[in-house]
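*Asks:* The sequence and its predicted three-dimensional model are supplied below.
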Amino acid sequence: MLPTPMYESAGPSAATGDLLPQPVLDVRILGPLLIRRGGEVIEAGELGGPKPRQILEILLLNLGTAVSKDRLIDVLWAGQPPAEALPTLESYISVLRRHLQPGQGKSGPLRTVTGGYVMDSALVDLDVRRFDDLLHRASRCEPVEALEHLQEALDLAAAPLLGDELKASWAEEERDNHEHRVGRARAQAAELALSLHQPKRAVHWAREALAGDPLNESAWQSLVLGLEESGQPLEALRAFEQCRRTLHREMGCAPGDALRAAHARLLRLTGGAVTPKIDAASPAPAASAGRAPASVVPDSIPVGEAGAAATLRVLTIDDHRTFAELLTGALDREPDLCSIGSAASVDSGVQLCRDLEPDVVVMDYHLPDGDGLSAAARILEHNPDARIIMLTGDPSQDVLRRAAAIGICGFLPKDGSLATMLDTLRHARAGNMVVHPSLVARIGATHSAAAAVPPGPPLSPRELDVLRLMSEGHEVRVVATNLGISIHTCRGYVKTIFSKLGSHSQSEAMAEAEVRGILREKSDVQAF
């Protein structure tokens with residue numbers, strides 16, 4: 001979780017003294033960042049790059065409470081800020097203001113306070129704030145009304161918090177805390193539905209709660225009792241058996257009195273005719289590596305049900321749990337893709353591939369019990385038609401040669417664009433290995449360091465400033481604004497840079513600049 005804010009709440013807006021009416025921003029941070037201002041929609045990609053977006057997200061997570069500049073700098077640069085961090089931060093704030101409150105300067109939702117900034121809670125309608133408010137209301141009213149509040153809250157929380165931030169550690173901690181609250185809300189909704197004799201809703205929410213926390217005994221109880229009440233005694237017995245095994249394996253304890261009583265009733269009802277079974281798709285092997293299984297849902301739940309009509313079945317092998325969950329969610333939101341499971345190690349991943357025979361495997365190169373190349377060789381030995389996409393940040397020439405020989409279809413950076421990853425999954429083909437330009441650049445940079453003089457004509461200081469801002473993901477308009485030049489002049493610089501680097505696109509220019517070591521050179525001109 002982000003550290004405790006060093007300022008108290010900034011309080012309500014002082015908008016009564018403003019001459020212009022203050023529009024309210026409708027902001028969504030559950031899923032990809034999305035902002036509505038009146039009839040206009042502002043997406044994350046329009047905010048000037050990843051760091052302005054992250055500044056806004058941090059301020060939104062602390063809605064109504066000021067965040068110091070020092071905190072923002074520390075979080076944005078992970079405790080290792082550059083020398084020009086403060087002016088860079090201030091320039092990012094200016095960019096945000098131009099997008100969020102055009103023509104209002106500092107009087108809109110994003111306000112300056114002593115030593116920091118605050119998002120005015122009176123001028124921002126935030127989905128996470130609505131989620132918390134609905135949970136609070138549910139705790140203070142009768143069961144029927146409470147259940148409807150929980151339903152509304154859980155509909156809001158269907159997408160993960162901060163869906164644009166796959167790798168940022170501060171976002172992962174915030175996401176974990178939010179998911180814990182969502183899991184408790186699901187378990188509470190299951191209990192309420194059961195008390196109101198709505199077993200189908202109880203079973204639905206209990207399964208969702210268990211997918212996130214397989215040790216939630218309250219959710220297990222709602223699941224077993226809900227299946228019993230809905231006339232599915234055999235499924236209820238299977239659920240009890242999975243609960244018993246999970247609690248014994250992970251905590252060394254047995255189910256509580258209510259579950260044992262239900263078990264006894266179910267045995268009398270069925271005459272003991274049950275053969276407990278763990279679904280082949282259940283990621284139980286991950287538990288042997290010291291991790292709780294990602295999902296322990298009864299085998300009546302079809303694997304990949306949400307994407308049954310999809311054409312490409314994707315398996316994820318990655319020991320980074322949050323990354324795997326976010327990627328799984330992204331896959332299931334695509335009409336032509338679906339996730340059929342995930343594993344956290346070489347052995348469990350190979351076994352799942354044999355059981356499920358996926359079309360595409362997305363695999364981390366670094367795994368707890370071996371590397372991705374050895375896993376890929378074992379997978380392709382059993383299923384030569386599988387297409388494997390490897391995720392890594394540091395491939396060597398030798399690794400790429402071995403990967404091509406094995407039959408891997410592509411290498412992508414783990415911190416790269418989600419859109420690029422999904423597009424690569426769709427078009428990956430055996431015998432045609434794709435390597436992302438940024439990874440090629442990292443390999444080439446090690447060889448270029450030995451060269452006495454970088455090839456090609458040198459870039460001027462101003463061209464270097466433009467190139468550096470482009471490398472941070474800024475579009476031409478933002479680069480021009482930050483450097484105090486016209487868009488026409490900036491485009492001229494970009495055209496010259498492409499010519500000097502022999503490139504035809506921004507990604508090619510970045511790769512070539514890394515190979516030549518240009519971005520490691522110091523410039524006499526500050527970009528901000």
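*Replies:* Noted; the coordinates are in hand.
*Asks:* Buried ones in stretch 480-493, by neighbour count?
*Replies:* By neighbour count with 16 or more other Cβ atoms under 10 Å, stretch 480-493 contains the buried residues Ala480, Thr481, Asn482, Leu483, Ile485, Cys490, Tyr493. Any C-beta I mention is one placed from the backbone N, CA and C, and that applies to glycine too.
*Asks:* The second one and Asp70, how far apart?
*Replies:* Counting by Cβ to Cβ, to the nearest Å, the gap from Thr481 to Asp70 is 25 Å.
*Asks:* all helices of the stretch 101-250 of the chain, in order?
*Replies:* For the stretch 101-250 of the chain, the helices defined by DSSP state H, counting those that start in this stretch cover 127-138, 143-156, 169-195, 199-212, 217-229, 233-251.
*Asks:* just so I know, which of these lies nearest Tyr117?
*Replies:* The closest of the helices of the stretch 101-250 of the chain to Tyr117 is helix 169-195. By Cβ to Cβ, the value is 16.4 Å.
*Asks:* In the chain, which residue is most central in space?
*Replies:* Leu166 (3.6 Å; Cα atoms, centre = their mean).
*Asks:* Could you tell me what pLDDT the model assigned to that one?
*Replies:* Leu166 is assigned a pLDDT of 77 by the prediction.
*Asks:* what sits against it?
*Replies:* The contact partners of Leu166, by Cβ atoms under 8 Å, 6 or more residues apart in numbering, come to Phe323, Leu326, Leu327, Asp415, Leu418.
*Asks:* In this structure the last one contacts Ala330, no?
*Replies:* Pointing back at Leu418 there. Yes - judged on Cβ atoms under 8 Å, Leu418 makes contact with Ala330 at a distance of 5.9 Å.
*Asks:* Flag the helix or strand of this structure with the lowest per-element mean pLDDT.
*Replies:* helix 285-288 (a mean of 33; mean pLDDT, DSSP states H and E).
*Asks:* Name the next helix or strand downstream of that one, please.
*Replies:* strand 312-317 (DSSP states H and E).
*Asks:* got the contact list for Ala330?
*Replies:* Gly163, Leu418, Leu422 are the contacts of Ala330 under Cβ under 8 Å, 6+ apart.
*Asks:* Show the pLDDT at Pro298.
*Replies:* 34.
*Asks:* which intervals of the stretch 1-150 of the chain have sub-threshold pLDDT?
*Replies:* Within the stretch 1-150 of the chain, the stretches with pLDDT under 70 are 1-23.
*Asks:* Out of the helices of the stretch 101-250 of the chain, which one sits most buried?
*Replies:* helix 217-229 (a mean of 25; mean count of other Cβ atoms under 10 Å).
*Asks:* okay, it in PDB with CA atoms only?
*Replies:* Output of helix 217-229 as PDB, limited to C-alpha atoms (Å, rounded to 0.1, in the frame of the first residue of the first chain):
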ATOM      1  CA  GLU A 217     -13.700 -21.300   4.800                       C
ATOM      2  CA  SER A 218     -16.800 -19.000   4.800                       C
ATOM      3  CA  ALA A 219     -16.900 -19.200   1.000                       C
ATOM      4  CA  TRP A 220     -16.500 -22.900   1.100                       C
ATOM      5  CA  GLN A 221     -19.400 -23.200   3.500                       C
ATOM      6  CA  SER A 222     -21.600 -21.000   1.200                       C
ATOM      7  CA  LEU A 223     -20.600 -23.100  -1.800                       C
ATOM      8  CA  VAL A 224     -21.400 -26.500  -0.100                       C
ATOM      9  CA  LEU A 225     -24.600 -25.300   1.400                       C
ATOM     10  CA  GLY A 226     -25.700 -23.500  -1.800                       C
ATOM     11  CA  LEU A 227     -25.100 -26.700  -3.900                       C
ATOM     12  CA  GLU A 228     -27.000 -28.700  -1.300                       C
ATOM     13  CA  GLU A 229     -30.000 -26.300  -1.300                       C
END
